[in-house]
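Engineer: Show me how the following folds:
(one chain, ligands or ions: 1)
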Amino acid sequence: MHSDTGYLDWPFFEASHRELAQRLDAWAGESIGDAHDSDVDAACRALVRKLGKDGWLRYTVGGTAWGGQFDAIDTRAVCLLRETLSRHSALADFAFAMQGLGSGSITLHGTPELKQRYLGRVASGEAIAAFALSEPDSGSDVAAMKCAARPDGDHYVLEGEKTWISNGGIADFYVVFARTGEAPGSRGLSAFVVDAATPGLEIAERIEVIAPHPLATLRFTNCRVAATQRLGAPGQGFKVAMQTLDIFRTSVAAAALGLARRALCESLSRATSRKMFGGVLADFQITQAKLAAMATAIDASALLTYRAAWLRDQGAKVTREAAMAKMHATESAQQVIDAAVQIWGGCGVVSGHPVERLYREIRALRIYEGATEVQQLIIARETLSAFGAAGAA
Ligand code: COS
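Structural biologist: Predicted coordinates for the structure are as follows:
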């Protein structure tokens, strides 16, 4: 599959990143192709096992002692992996990404015992991870969550619901955020690792979406979780969630970038072969204008994405840069893919055609892990606060 790899020469990357992207591209071409299955649960389980067996999931966890590739999560590597996987198969990217999002809070805040128990199995693909933050009335407004965890001796008792939980129904454990009440709002939340088999945790409902993947609503009823399963100090759950999202939001941008690159590749192949009015589609300036806009949007997304990834790998706080990358890459990928459907004409809306699938697959990325409107809020806040801090008025 043709894809521009010139960006790998940008100064954001080390030689090891270039080698990683090329090796994964070759592997994905041979091993996953376009992974699609009517049984999405079975397809995801198989993808997690395969990604784990061949070593790719090691990049989703931090700490070589626990099975990670490096001691800290290398954001550029995660982004290159997601970009490459999503170019080949959105479902393979999903399977990879959720191992990272679902275990990222353990990498960042787990005790050695929790790291020992979970991270190695995430890295090998033996355990499937999930991140349980959203609720029916608390998606963007995390501090409004109601799911409660009441201390009870050396346990907490969880009561409430979580929804839109990716890997819900197939996960072996969930990182669950709940109100522990140390203070109002965002200062009264804590995070816990809850095994899927814990009594009192049930899958209340499976949710079908336009690009199928495992998704569910969870219900906790008198669900007892040992206090040793808590991640970070009591009341620090909001920060645990935000720090985890700071890593993986940038990687959502990378996934969108991969989908957009695939759309451009499909468009180029169509534009140079589709005969029309005595020439091919690509002869027409109206098509060239579309291709130019697509290529420029892709480069702009790549620059924002790898700037955020590189900055984070230098140890910087990247709340603003990650938000910019996620917002721009997902929004512009939607436009690139829409143009690809237009270039493919009627074929582009036939069920199962690569661009028809891309059209469905991109949509949710503008919503999950912080909708575009949340990214706008974050970018504006950070920009205003930098202006205020500079003393300008
Ligand atoms: N890293 C570390 N700490 C952070 C942080 C970050 N990225 N972002 C915020 N915090 C801290 C703040 O510094 C503040 O600390 P103090 O209480 O010590 O002052 C605290 O967390 C609360 O922050 P803030 O006042 O910004 O909280 P808000 O409730 O206003 O948060 C947004 C607003 C919208 C930014 C937040 O709720 C958010 O990101 N929502 C989207 C969540 C999401 O992605 N949902 C999708 C579900 S996951 S698939």
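Engineer: now stretch 386-393, how far from the chain's geometric center?
Structural biologist: Between the centre of stretch 386-393 and the centre of its host chain there is 33 Å, according to Cα atoms, centre = their mean, to the nearest Å.
Engineer: what mean pLDDT does it have?
Structural biologist: Stretch 386-393 shows a mean pLDDT of 81.
Engineer: what does stretch 154-171 give?
Structural biologist: Averaged over stretch 154-171, pLDDT sits at 98.
Engineer: quick check, it touching the ligand?
Structural biologist: No. Using Cβ under 6 Å from any ligand atom, stretch 154-171 never reaches the ligand; the gap is at least 6.7 Å. Every residue, glycine included, has its C-beta placed from N, CA and C.
Engineer: check whether stretch 124-140 contacts the ligand.
Structural biologist: Yes. Contact between stretch 124-140 and the ligand is present through 133, 134, 139, 140 (criterion: Cβ under 6 Å from any ligand atom).
Engineer: show me what contacts the residue minimising distance to the centre of the chain?
Structural biologist: In the chain, the centroid-proximal residue (Cα atoms, centre = their mean) is residue 252; its distance is 4.3 Å. Residue 252 is in contact with 82, 97, 326, 329, 330, 365, 368, 369, counting by Cβ atoms under 8 Å, 6 or more residues apart in numbering.
Engineer: check these against the ligand, which are close?
Structural biologist: Near the ligand, by the rule Cβ under 6 Å from any ligand atom, you find 368, 369 out of the contacts of residue 252.
Engineer: Quick check: the residue of the stretch 201-350 of the chain found nearest the ligand vs residue 253, distance?
Structural biologist: Relative to the ligand, the nearest point of the stretch 201-350 of the chain is residue 242 (3.4 Å; Cβ to the nearest ligand atom). Residue 242 is 17 Å from residue 253, where distance means Cβ to Cβ, to the nearest Å.
Engineer: At which residues are the strands of the stretch 51-200 of the chain located?
Structural biologist: 129-132, 148-152, 155-166, 173-179, 189-195 (DSSP state E, counting those that start in this stretch).
Engineer: and those as CSV, adding mean neighbour count?
Structural biologist: CSV is the format used below for the strands of the stretch 51-200 of the chain (neighbours: other Cβ atoms under 10 Å):
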stretch, mean neighbour count
strand 129-132, 28
strand 148-152, 17
strand 155-166, 22
strand 173-179, 27
strand 189-195, 24
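Engineer: quick revisit: okay if I get the residues of stretch 124-140 next to the ligand as TSV plus distance to residue 178, pLDDT and neighbour count?
Structural biologist: Formatted as TSV, the residues of stretch 124-140 next to the ligand follow (distance: Cβ to Cβ, whole Å; pLDDT from 0 to 100; neighbours: other Cβ atoms under 10 Å):
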residue	distance to residue 178	pLDDT	neighbour count
133	10	98	26
134	13	97	21
139	16	86	18
140	18	90	12
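Engineer: Report all helices and strands that the helix or strand hosting residue 20 contacts.
Structural biologist: Using DSSP states H and E, residue 20 falls within helix 15-31. Under the contact criterion of 3 or more Cβ pairs under 8 Å, 6 or more residues apart in numbering; DSSP states H and E, helix 15-31 touches helix 75-88.
Engineer: CA atoms only: put the helix it packs on into PDB for me.
Structural biologist: What follows is helix 75-88, C-alpha atoms only, in PDB (Å, rounded to 0.1, in the frame of the first residue of the first chain):
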ATOM      1  CA  THR A  75       4.800   8.600  22.800                       C
ATOM      2  CA  ARG A  76       6.400   8.800  19.400                       C
ATOM      3  CA  ALA A  77       6.600   5.000  19.100                       C
ATOM      4  CA  VAL A  78       2.900   4.600  20.300                       C
ATOM      5  CA  CYS A  79       1.900   7.300  17.700                       C
ATOM      6  CA  LEU A  80       3.800   5.600  14.900                       C
ATOM      7  CA  LEU A  81       2.300   2.300  15.800                       C
ATOM      8  CA  ARG A  82      -1.200   3.600  15.800                       C
ATOM      9  CA  GLU A  83      -0.800   5.500  12.600                       C
ATOM     10  CA  THR A  84       0.600   2.500  10.800                       C
ATOM     11  CA  LEU A  85      -2.000   0.100  12.200                       C
ATOM     12  CA  SER A  86      -4.900   2.300  11.500                       C
ATOM     13  CA  ARG A  87      -3.700   2.700   7.900                       C
ATOM     14  CA  HIS A  88      -4.000  -1.100   7.600                       C
END
